[in-house]
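Engineer: Could you look at this predicted model? Sequence included:
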Amino acid sequence: MYDYLIVGTGLFGATLAQKLHEVGKRVLIIDKRNNVGGNVYTEKVEGINVHKYGAHIFHTNNQKVWDYITQFATFNRFTNSPVANYKGELYSLPFNMYTFNKMWGVVTPEEAAAKIEEQRKEISGEPKNLEEQAISLVGRDIYEKLIKGYTEKQWGRNCKDLPSFIIKRLPVRLTYDNNYFNALYQGIPVGGYTKMVANMLEGVEVKLGEDYLKDKNKWDGMAKKVVYTGPIDAYFDYCLGTLEYRSVRFETEVLDKPNFQGNAAVNYTDRETLWTRIIEHKWFEFGKDENGNDLPKTVISREYSSEWKPGDEPYYPVNDEKNGELYKKYKELADKEEHVIFGGRLGEYKYYDMDQVIFSAIKLFEGIKR
Ligand code: FAD
């Protein structure tokens, strides 16, 4: 009899398994996939760690999480500085002095602020839709070239038909700073996320290719407590309906050249290009293999926003009223399952960054009576 059966080897399950194992609990962790890591899984292709379920950049201000996770990997100094490509014109992101200099030729922060202020005046009164909201925050030029097409591809709808509340703020930096995240710590685990998760699970019994829900009774009989990190609605066999997700589709290609775009992430902000961005995975690790050698090939992933339908990979929970209400009802059912703890992004139907999901698992561990 195990003390804990953990369903899911993503960062939530792996953190909890590691912590429980460390204090001497008998832990079994399973996953329906054939690999550990959940959505942070990286797969080696041509010597490059490919982020199979979307680009993952670790960033945190949480000292506890940083001290914890760095036990299992050394992090490189990767800094997320995406580039926007608007019909061949390149702009720095997030919006900062480099962006404004390219857009308007302005040099000083005062000039940039004055330009934004002048363009914002176009909207008077309460913005009626996303287009008006964006212009009222950053002006028409930035909206037209860097926001409109990208947002329309993401939502599959015209900005005039999207509600203004989707964009509450648009951070504008009046400094020459391309660092996307304002985080104390940032980087990519050297050797890939899969290796990091495998290090976390060292000594823990792992079974892969096992779907808990296909033989729930068998698994439940094997442990005193179950920690479930799969989709909460699937656990209850969708009895109240299906929670919705926003989806992304990736088209990954190996190219027989060393450098495709010279940056890890390039966003395509026009409406006509079908993909939203291209990730060139090798630049997360500076184009080198683990021994510091240059890699002759490259791997790129084009990302497309797509409508999610049941059965697709769940990516981003949809935080609207309808789904929020449905989640609440599932949560009530979950609270009645005394031997099961629900956790992680799917178990709690919540968008968590990696550091947040690790912190949530650490907090759960600390609250467990041992
Ligand atoms: P998951 O990683 O989803 O793990 C759940 C696991 O449970 C999966 O392996 C699944 O196979 C398994 N499972 C489900 N059901 C069953 C079952 N019935 N039986 C057995 N196993 C089951 N965060 C950042 O900090 N930085 C980023 O740059 C970033 N980029 C992201 C990009 C994308 C496209 C997405 C979607 C998320 C991104 N995140 C990022 C968030 C990050 O992915 C999550 O914080 C993290 O993966 C959540 O871990 P988890 O363990 O909760 O879930």
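Structural biologist: Okay, I see it.

Engineer: When you work out contacts or count neighbours from here on, use the C-alpha atoms and nothing else.
Structural biologist: Noted.

Engineer: Touching, I362 and L16? I think so.
Structural biologist: Yes. Using CA atoms under 8 Å, I362 is in contact with L16, at 6.7 Å.

Engineer: Buried ones in the longest helix seen in the chain, by neighbour count?
Structural biologist: Using DSSP state H to assign secondary structure, the helix with the most residues in the chain is helix 321-336. Within helix 321-336, the residues scored as buried using 16 or more other CA atoms under 10 Å are 323, 326-327, 330-331, 334.

Engineer: Compare neighbour counts for I362 and L16 and give me the winner.
Structural biologist: Set side by side, I362 and L16 give different neighbour counts by other CA atoms under 10 Å, the larger being at L16 (28 against 18).

Engineer: so the more buried one is in which element?
Structural biologist: helix 11-22 (DSSP states H and E).

Engineer: in that helix, what's buried?
Structural biologist: Judged by neighbour count (16+ other CA under 10 Å), helix 11-22 contains these buried residues: 11-21.

Engineer: got those residues as JSON lines, with distance to the ligand and pLDDT columns?
Structural biologist: Conversion of the buried residues of helix 11-22 to JSON lines gives the following (distance: CA to the nearest ligand atom, whole Å; pLDDT from 0 to 100):
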{"residue": "L11", "distance to the ligand": "4", "pLDDT": "98"}
{"residue": "F12", "distance to the ligand": "4", "pLDDT": "98"}
{"residue": "G13", "distance to the ligand": "5", "pLDDT": "98"}
{"residue": "A14", "distance to the ligand": "7", "pLDDT": "98"}
{"residue": "T15", "distance to the ligand": "9", "pLDDT": "98"}
{"residue": "L16", "distance to the ligand": "10", "pLDDT": "98"}
{"residue": "A17", "distance to the ligand": "11", "pLDDT": "98"}
{"residue": "Q18", "distance to the ligand": "13", "pLDDT": "98"}
{"residue": "K19", "distance to the ligand": "14", "pLDDT": "98"}
{"residue": "L20", "distance to the ligand": "16", "pLDDT": "98"}
{"residue": "H21", "distance to the ligand": "17", "pLDDT": "98"}
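
Engineer: Farthest-apart pair in these, please.
Structural biologist: Taking every pair in the buried residues of helix 11-22 and measuring CA to CA, the maximum separation is 15.1 Å, between L11 and H21.

Engineer: returning to that earlier point: what average pLDDT does the longest helix of the chain get?
Structural biologist: The predicted model gives helix 321-336 an average pLDDT of 96.

Engineer: So what's the gap between that helix and the chain middle?
Structural biologist: Helix 321-336 sits 23 Å away from the centroid of its parent chain (CA atoms, centre = their mean, to the nearest Å).

Engineer: Repeat that for stretch 47-59.
Structural biologist: 10 Å.

Engineer: Quick check: end-to-end length of that stretch?
Structural biologist: 24 Å (CA to CA, to the nearest Å).

Engineer: Please list the outside residues in contact with that stretch.
Structural biologist: Residues lying outside stretch 47-59 but in contact with it, judged by CA atoms under 8 Å, 6 or more residues apart in numbering, are 39-44, 80, 181, 183-188, 191-192, 250, 279, 281-282, 289, 295, 298-299, 354-355.

Engineer: Please apply the same query to stretch 62-70.
Structural biologist: Where contact means CA under 8 Å, 6+ apart, the residues beyond stretch 62-70 that reach it are 60, 185, 355, 358-359.

Engineer: Ok, stretch 199-216 next?
Structural biologist: Counting by CA under 8 Å, 6+ apart, 7, 14-15, 17-18, 21, 27-36, 72-73, 219, 235 sit against stretch 199-216.

Engineer: in stretch 240-252, what counts as buried?
Structural biologist: The neighbour-count check on stretch 240-252 (16+ other CA under 10 Å) flags 242-250, 252 as buried.

Engineer: Point out the ones among these that are inside strands.
Structural biologist: In this view, the buried residues of stretch 240-252 that belong to strands under DSSP state E are 245-250, 252.

Engineer: With pLDDT and distance to T151 as added columns, please give those residues in a markdown table.
Structural biologist: Compiled in a markdown table, those are given as follows (pLDDT from 0 to 100; distance: CA to CA, whole Å):
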| residue | pLDDT | distance to T151 |
| --- | --- | --- |
| Y245 | 91 | 17 |
| R246 | 86 | 13 |
| S247 | 88 | 14 |
| V248 | 92 | 14 |
| R249 | 93 | 16 |
| F250 | 96 | 18 |
| T252 | 98 | 22 |
